[in-house]
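S.K.: just coords:
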DNA sequence: TTTT
DNA sequence: TTTT
């Protein structure tokens, strides 16, 4: 079991890129407010989120900065090497499903939640995230 | 909501340190197997976990390398500066409760699970993790 | 581990009652939409939720029918006897924390989430729910 | 979001039945110990679990009474009518994935966890559970 | 680097 | 109705 559930707001618009084999990858940072923390409500964790394939495209088409979402996924620790040869590790949440808790700005009536899912092997991608 | 639930095995014995004000902090890496990933069961995420105060001490006294546990906590992104002045970010799971899924090696009879909890502000510590 | 996480809307205003020893208990039904189910978005599960003590009072003072919330708690199976002596079992979620995903109707500005928590033994109450 | 995560032991061997259209359904009760409850460790919740199709068959073939598992699923409230025309509601967890936390009795070496999954519409079955 |  |  490797389960992460986050409720927060997009700190920026999602970026959608494509791998060499043509798979879509969306990435964005989620601002997750801390409750109960010492510093009041102004403190947050800024957590990197990635989504693959169909889920990535739905993110690109439907999510914008500031929007509140619920992300369910797994926590992944990825190793990479910097340009000058240093080894680094980066943590990110690989989204399995995203529930929109509010509609995109300038949209029409609030028609309730949308829930989009990504199942199967895309949650364990065997390709590098581009860039 | 910032919730992480992991089942895995300790990749090493927990290290227990103390802050200047005397608070215990335990840290260890949890090896969480990937299921459904392309590379079979031999692939795992190695996830840093920290625990504070009473929970930290229970970890130090009861957990050893290889033991299987369930960790519930929150995902925290922490910023720090390296000795040569670079800014880095590190992700870690701040444990709120740990359930032992098996007893310590060389212990007696299997008397069932133990569940230890850490509540309140220790989950949002206002002190640095020592070292 | 006995963990339940629900996002839904209150199907009715919470009812707050008091045990003989004076503990507050709030109860309400949460309508949780099914996504991916065959019948489109019109299908929902109606799930009984109870909260104790301070959390109960916050529910009574801040939640109304239709409001969207995130509930974290545990699933409890409770046995009771009907007036004519039949044994029945009822399932309910005992809330440990509730996050308000939107403000009460007719409230002021949207000042962001509120998160309320109930920890410790109230999650395993040793008293009957009144009525 | 309708998410349930349970760790417990099978209170009995799973029963596997088949719907009229031939779908497998496994059902069993999970004994989930309460930690932190007033009555010590001897108190538990007995929670009904169902699994569909391939997941159901894997349960039937691999799980036995007393075995410890982790169940991830959704909480469903189902209505039915008794033989004498009374309306009743029953709660059960519809499993989406089950992780074996220990091997079947009389099995060989402990080769680590097994994780089995059930995705898509089987989690929202449109058929009745037989019997 | 960041959201409300 | 129930597990260790």
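M.R.: Here it is on my side, so go on. Please read all numbers here as calculations on a predicted model, not as lab measurements. Numbering: from 1, shown residues only, chains lettered A, B, ... in the order given.
S.K.: residue A:48 sits in which helix or strand?
M.R.: Using DSSP states H and E, residue A:48 maps to strand A:44-52.
S.K.: whichever helix or strand comes after that strand near chain B anywhere?
M.R.: As assigned by DSSP H and E, the chain's next helix or strand after strand A:44-52 is helix A:53-62. No: using C-beta under 8 Å from any C-beta of the partner chain, helix A:53-62 never reaches chain B; the gap is at least 14.9 Å. No exception for glycine: its C-beta is placed from N, CA and C like everyone else's.
S.K.: partner strands of the following helix or strand past helix A:53-62, with direction?
M.R.: With elements assigned by DSSP H and E, the helix or strand that comes after helix A:53-62 is strand A:68-81. Strands that pair with strand A:68-81, judged by DSSP bridges, come out as strand A:2-10 (antiparallel), strand A:87-100 (antiparallel).
S.K.: returning to that earlier point: okay, buried residues for the strand holding residue A:48 please.
M.R.: Within strand A:44-52, the residues scored as buried using 16 or more other C-beta atoms under 10 Å in any protein chain shown are A:44, A:45, A:47, A:48, A:49, A:50, A:51, A:52.
S.K.: mind putting these into TSV with distance to chain C?
M.R.: Listed next are these as TSV, based on distance: C-beta to the nearest C-beta, whole Å:
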residue	distance to chain C
A:44	11
A:45	14
A:47	16
A:48	21
A:49	18
A:50	21
A:51	16
A:52	18
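S.K.: redo those as TSV? Include pLDDT.
M.R.: Shown next, in TSV, are the buried residues of strand A:44-52 (pLDDT from 0 to 100):
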residue	pLDDT
A:44	93
A:45	95
A:47	97
A:48	97
A:49	97
A:50	97
A:51	96
A:52	96
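S.K.: quick revisit: ok, the strand holding residue A:48: who's next to it in the sheet?
M.R.: strand A:24-33 (antiparallel), strand A:87-100 (parallel).
S.K.: and these: which comes nearest DNA strand F?
M.R.: Minimum separation from DNA strand F across those (C-beta to the nearest atom of the strand) falls at strand A:87-100, 29.5 Å.
S.K.: what's downstream of that closest one, the next helix or strand?
M.R.: Criterion used, DSSP H and E; the element after strand A:87-100 is strand A:114-117.
S.K.: please identify the pairing partners of that following strand and their relative orientation?
M.R.: strand A:87-100 (antiparallel).
S.K.: quick check, residue A:66 in contact with residue A:9.
M.R.: Yes: using C-beta atoms under 8 Å, residue A:66 is in contact with residue A:9, at 5.6 Å.
S.K.: so between the two, which is more surrounded?
M.R.: More crowded of residue A:66 and residue A:9, by other C-beta atoms under 10 Å in any protein chain shown: residue A:9, with 19 against 14.
S.K.: how close does the more buried one sit to residue B:5?
M.R.: For residue A:9, the distance to residue B:5 equals 23 Å [C-beta to C-beta, to the nearest Å].
S.K.: okay, residue A:118: pLDDT?
M.R.: Reading off the confidence values, residue A:118 has pLDDT 70.
S.K.: quick one: contacts for it?
M.R.: Neighbouring residues of residue A:118 by C-beta atoms under 8 Å, 6 or more residues apart in numbering or on different chains: A:51, A:52, A:53, A:54, A:55, A:95, A:96, A:97.
S.K.: ok, residue A:76 - contacts?
M.R.: A:91, A:92, A:93, A:94, B:45.
S.K.: could you find the closest non-adjacent residue to it?
M.R.: residue A:94 (5.1 Å; C-beta to C-beta, 6 or more residues apart in numbering or on different chains).
S.K.: now do stretch A:84-98: distance to the chain's middle.
M.R.: 11 Å (C-alpha atoms, centre = their mean, to the nearest Å).
S.K.: so for stretch A:78-85, mean pLDDT?
M.R.: Mean predicted confidence for stretch A:78-85 is 84.
S.K.: near DNA strand E, which residues of chain A are found?
M.R.: Listed as neighbours of DNA strand E in chain A under the rule C-beta under 7 Å from any atom of the strand: A:8-12, A:29, A:31, A:33, A:41-44, A:46, A:65-66.
S.K.: contacts for stretch A:8-19?
M.R.: Residues contacting stretch A:8-19 (C-beta under 8 Å, 6+ apart): A:24-33, A:44, A:46-47, A:56-57, A:59-60, A:63-69, A:71, A:127-131, B:2.
S.K.: narrow those to those that are buried.
M.R.: The buried subset of those (16+ other C-beta under 10 Å) comprises A:24-33, A:44, A:47, A:56-57, A:59-60, A:63, A:67-69, A:71, A:129, B:2.
S.K.: so where's chain A uncertain?
M.R.: For chain A, the stretches flagged by pLDDT under 70 are A:36-42, A:104-114, A:119-121, A:131.
S.K.: one more time with 80
M.R.: The model of chain A has pLDDT under 80 over residues A:35-42, A:103-131.
S.K.: centroid residue for it?
M.R.: Compute the mean C-alpha point of chain A, and by C-alpha atoms, centre = their mean the closest residue is residue A:49, 2.7 Å away.
S.K.: list the contacts of the residue in chain A that DNA strand F sits nearest to.
M.R.: Residue nearest to DNA strand F within chain A: residue A:1 (18.8 Å; C-beta to the nearest atom of the strand). By C-beta under 8 Å, 6+ apart, the contact set of residue A:1 is B:5, B:6, B:7, B:32, B:70, D:5, D:70, D:72, D:99.
S.K.: give me the beta-bridge partners of the nearest residue to it once chain neighbours are set aside?
M.R.: Setting aside the residues directly before and after it, residue A:1 is nearest to residue B:7 in space (C-beta to C-beta, 6+ apart), at 4.1 Å. Here residue B:7 sits in beta bridges with residue B:70, as judged by DSSP bridges.
S.K.: check residue A:117 too.
M.R.: Beta-bridge partners of residue A:117, as defined by DSSP bridges: residue A:97.
S.K.: just give me the neighbour total for it.
M.R.: Using other C-beta under 10 Å, residue A:117 has 17 other residues around it.
S.K.: and residue A:75, by the same measure?
M.R.: Residue A:75 has 21 nearby residues by other C-beta under 10 Å.
S.K.: identify the residues contacting it.
M.R.: Residue A:75 sits next to A:2, A:4, A:91-94, B:4, B:6, B:45, B:47, B:75, B:91, B:93 when contact means C-beta under 8 Å, 6+ apart.
S.K.: can I get those in a markdown table with distance to residue B:83?
M.R.: Supplementary listing: those in a markdown table, determined by distance: C-beta to C-beta, whole Å:
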| residue | distance to residue B:83 |
| --- | --- |
| A:2 | 32 |
| A:4 | 31 |
| A:91 | 22 |
| A:92 | 26 |
| A:93 | 30 |
| A:94 | 32 |
| B:4 | 30 |
| B:6 | 31 |
| B:45 | 28 |
| B:47 | 25 |
| B:75 | 26 |
| B:91 | 21 |
| B:93 | 25 |
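S.K.: show me which of those is closest to residue A:122.
M.R.: Comparing these against residue A:122 with C-beta to C-beta places residue A:94 closest, at 8.6 Å.
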